[in-house]
Structures are given as C-alpha cells and as structure tokens.
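In: pasting the structure only:
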C-alpha cells in the first residue's frame with residue numbers, strides 16, 4: 001500500500017518535470033527551433049489544430065524557421081496564428097512557404113524571458129509540493145486507519161520529502177540551464 005502511494009507520487013512528479021521540460025522548449029533563445037511553435041494553434045477548416053499537424057516545419061539555419069503547409073490555402077491562418085502568439089516574430093510568405101526570421105534577442109527581451117522562466121519554475125515547484133501534500137495526506141490517513149504503523153508512516157513521509165526535494169532540484173537545474181542559454185550572447 002505504501003509502495004503504491006510512493007510510486008504514484010514519483011510518477012506524478014516525473015510528469016510535472018517532463019511537462020516543465022516541454023514548456024521550456026517553447027521559449028525562444030535567439031536561435032531557431034521548431035519547438036518555438038509548439039502550442040500555436042491554427043484555425044484549420046474551422047477547428048483549432050496544432051501548427052505541426054498542418055505543415056512541415058524546419059530550421060534550415062539558426063536564424064530561420066520555414067513552415068511548408070500541405071495545403072497552401074492555410075497560409076493566411078498560419079500567419080494569423082503566429083502573429084497572435086507571443087513569440088515576437090513576424091512571418092512572411094511567398095505563396096508556398098511561411099518564413100520566420102528569428103532576430104537576435106535584445107537584452108531587455110532576454111531579461112523578460114528569464115522572468116518568465118522563473119515564474120514557470122515557481123509554478124512547477126508549487127505543483128510538486130501539491131503532489132507531496134496529497135501523498136502525505138494519503139499516508140497519514142493510512143496510519144489513522146491502522147493500515148500502517150507509526151514507524152511506517154514516518155518512513156513514508158521521509159521518502160515523500162526526499163522525492164519532493166529530488167524533483168524540485170531537477171526543475172531548478174533545468175531552469176538554471178535555460179537561463180544560461182537565454183543570457184548567452
């Protein structure tokens with residue numbers, strides 16, 4: 001029973017870290033990345049569709065993203081979706097492909113992105129602590145219902161705290177790495 005709680009807790013914390021990793025990929029670092037477009041939805045025949053499901057996205061060089069839609073009639077929708085997103089890049093097209101020139105980041109924009117990363121990091125820490133809280137409640141309830149001994153409860157709570165510390169450390173390290181990447185000129 002205790003192992004189930006610990007395994008579920010670890011699984012949830014791993015998902016939170018993986019989710020954070022995916023969120024970090026969408027933050028622009030001054031060089032082109034197809035992940036910058038993750039989360040951008042295009043109005044495709046009336047339904048919101050991820051941009052990577054209506055086009056091929058490539059980065060032929062570090063300062064350019066090329067979007068080649070499978071259906072050229074969707075180009076205006078792709079441009080509209082990019083303009084309404086917060087990636088800060090103005091698209092251009094030649095009727096066949098959409099080009100996104102990735103300008104170098106200004107010092108001010110870098111600092112703003114670092115603030116965003118710090119905010120996202122704090123949100124993930126809170127999510128992990130919330131998972132810890134749920135696990136602690138389950139373990140305490142198990143002890144209250146005499147399903148486990150007080151010693152097992154203490155050991156379980158210690159293990160939950162160790163997991164929490166481990167995953168918060170992972171989130172902090174990932175954030176520090178992204179910050180370094182953003183501030184690199």
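Out: That came in fine, so what should we check first? These numbers were taken from a predicted model, which means no experiment stands behind them.
In: How many residues are close by the closest residue to residue 9 other than its chain neighbours?
Out: Leaving aside its chain neighbours, residue 9 sits nearest to residue 135 (4.2 Å; criterion: CB to CB, 6 or more residues apart in numbering). Bear in mind the C-beta positions are built from the backbone N, C-alpha and C, glycine included. Residues near residue 135, counting by other CB atoms under 10 Å, number 24.
In: pLDDT of the host helix or strand of residue 21, averaged?
Out: Per DSSP states H and E, residue 21 falls inside helix 2-25. For helix 2-25, the mean pLDDT works out to 93.
In: just checking, what packs against the helix or strand that it is followed by?
Out: Downstream of helix 2-25, the next assigned helix or strand under DSSP H and E is strand 41-44. Applying 3 or more CB pairs under 8 Å, 6 or more residues apart in numbering; DSSP states H and E, one finds that strand 41-44 contacts strand 47-50, helix 75-84.
In: Describe which strands strand 41-44 pairs with in its sheet and in which direction.
Out: If you go by DSSP bridges, strand 41-44 pairs up with strand 47-50 (antiparallel).
In: Give me the distance from the partner strand to the chain's centre.
Out: On the basis of CA atoms, centre = their mean, to the nearest Å, strand 47-50 is displaced by 19 Å from the centre of the chain it belongs to.
In: Direction included, what does whichever helix or strand comes after it pair against?
Out: Using DSSP H and E, the helix or strand that follows strand 47-50 in sequence is strand 55-61. If you go by DSSP bridges, strand 55-61 pairs up with strand 64-69 (antiparallel).
In: If I take the partner strand and helix 75-84, what angle do their directions form?
Out: Between strand 64-69 and helix 75-84, the angle comes out at 140 degrees (axes from the mean of the first three to the mean of the last three CA atoms, to 10 degrees).
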